[in-house]
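**Q** Have a look; sequence and predicted model below, questions after that.
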Amino acid sequence: DTHSIKKLRDSPDLLDSAVEEGLRYITPGPILLHGVKETTEISGKTYKKGRRVIILLYNILHDSRYTPAANAFDITRKQNKDVQGLWFGVGPHFCMGSVLAKLEIKKILISLLQIDGTLVVRKRTFRKVGIYPGYEKLVISMARNR
């Protein structure tokens, strides 16, 4: 929808950046749930040992304090190291499949880049259940460039 595929085709060196921006923008895991190991105070709020906290990751990744123009999709964006990769968790809860997931996304993008044409989203139906964003159905095509 952003026509970034053309920019990526013109600058394939942006492939890794495009994957990271896609993960930041879509945020495959929109929330994190963590246990509090030690009673801690942050910005005047006390988090008690043994309790759980819900971190609204989508909100953090779309907050201009961490990402300038956060609601814009920009494959040239340099990711903020303070929040980059949070969508895969952190510490002992880091997703072991994160490397595989990024490789799979890159393979899809590489395949799309090899097709001559303009990417067109024909139809999409958003999934209505679960906490993870996604499509029930996504139909794309490549319109031939003339």
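**A** Alright, I've got the coordinates. Numbers count the residues shown, from 1 in each chain.
**Q** Helix or strand: which one has the residue nearest the centre of the chain?
**A** Centroid-nearest residue in the chain: L23, 1.6 Å away (criterion: C-alpha atoms, centre = their mean). Assigned by DSSP states H and E, L23 falls within helix 15-26.
**Q** tell me what that helix is packed against?
**A** Applying 3 or more C-beta pairs under 8 Å, 6 or more residues apart in numbering; DSSP states H and E, one finds that helix 15-26 makes contact with helix 4-10, helix 98-113. To be clear about C-beta, it is placed using only N, CA and C from the backbone, and glycine gets the same treatment.
**Q** I'd like to check the angle between that helix and helix 98-113, please.
**A** Per axes from the mean of the first three to the mean of the last three C-alpha atoms, to 10 degrees, the angle that helix 15-26 makes with helix 98-113 is 110 degrees.
**Q** and the helix or strand just after helix 15-26, average pLDDT?
**A** Downstream of helix 15-26, the first helix or strand assigned by DSSP H and E is strand 31-35. For strand 31-35, the mean per-residue pLDDT is 84.
**Q** Strand 31-35 pairs with which strands?
**A** Sheet pairing for strand 31-35, assigned by DSSP bridges, gives strand 52-56 (antiparallel).
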